[in-house]
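In: I'll drop the sequence and a predicted model, then ask my questions.
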Amino acid sequence: MGGFDRLVRRVSVNGVTVTFGDRDAVDPAKLGVPVYPNATAVWPYGATGYSSTKGSATDGLLSTKDAFETVYYWYRARLPNDDLKVRPDPGGGAQSAEFEVPDPNAPDPVLIRVDSVNGVTDVEISKGRREVILDAAPTLPPR
C-alpha cells in the first residue's frame, strides 16, 4: 500500500504516544473489516497508532477518486446489516457516512467513516479505545 514505506514519525501528546506512517502499527487489512480495494493510504495519516495507559487504538486513512456512492454501497454490501449503524453527515456540501461495526474482542466498535469532498473520497477505519484517540486529538496537526 502506498505511504506505508515512508519515514516513521513518533510524537507524545497528552500522555498518548502517536505513531504516524508505521506499516506495522496499522495494517488496514487487519482491522477486522473490509478495506475498499481502490483506495490507497494517505501519507502520513495512512497508518496511525495510538498508545497510552488507557489502552491502544489504530487508525487507517485511505483515499480514492471513486465516487462516494460507489464506496458507500460497496461497504453496505459487505457489512452485516443487523449490526450496522449508518450515520449520514449532512454538513457543508460534503457527503459523509459512518458505519459502526461491533468488535467482539474490544469495548469499542470498529468505525468506518466515508467522506467525499471535491471529487476525492476518504475511507477512515478506526479500531480500539476511542478515548485514546480523543486524548491526542486536540493537538494533532490537521489532515
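Out: Sure, I can see it.

In: List the pairing partners of the helix or strand in which E100 is found within its sheet, with orientation.
Out: In this structure, E100 is located in strand 95-101 according to DSSP states H and E. Within its sheet, and counting by DSSP bridges, strand 95-101 is paired with strand 85-88 (antiparallel), strand 110-117 (antiparallel).

In: between those, which gets the lowest average pLDDT?
Out: Mean pLDDT is lowest for strand 85-88 among these, at a mean of 62.

In: so where is this structure shaky, pLDDT-wise?
Out: 1-8, 22-29, 43-46, 82-94, 130, 136-143 (pLDDT under 70).

In: Could you pull out the strands in it for me?
Out: Here the chain has its strands, by DSSP state E, at 9-13, 16-20, 40-41, 48-52, 55-64, 85-88, 95-101, 110-117, 120-128.

In: quick one: buried residues of the second one?
Out: When burial is assessed from 16 or more other Cβ atoms under 10 Å, strand 16-20 yields the following buried residues: V16, V18, T19, F20. Placement of C-beta: from N, CA and C, glycine included.

In: Check the longest one too.
Out: Of the residues in strand 55-64, S56, A57, T58, D59, G60, L61, L62, S63, T64 count as buried by neighbour count, 16+ other Cβ under 10 Å.

In: mind giving me CSV with these and columns for distance to P107?
Out: Shown next, in CSV, are these (distance: Cβ to Cβ, whole Å):
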residue, distance to P107
S56, 12
A57, 11
T58, 15
D59, 17
G60, 20
L61, 23
L62, 25
S63, 29
T64, 30
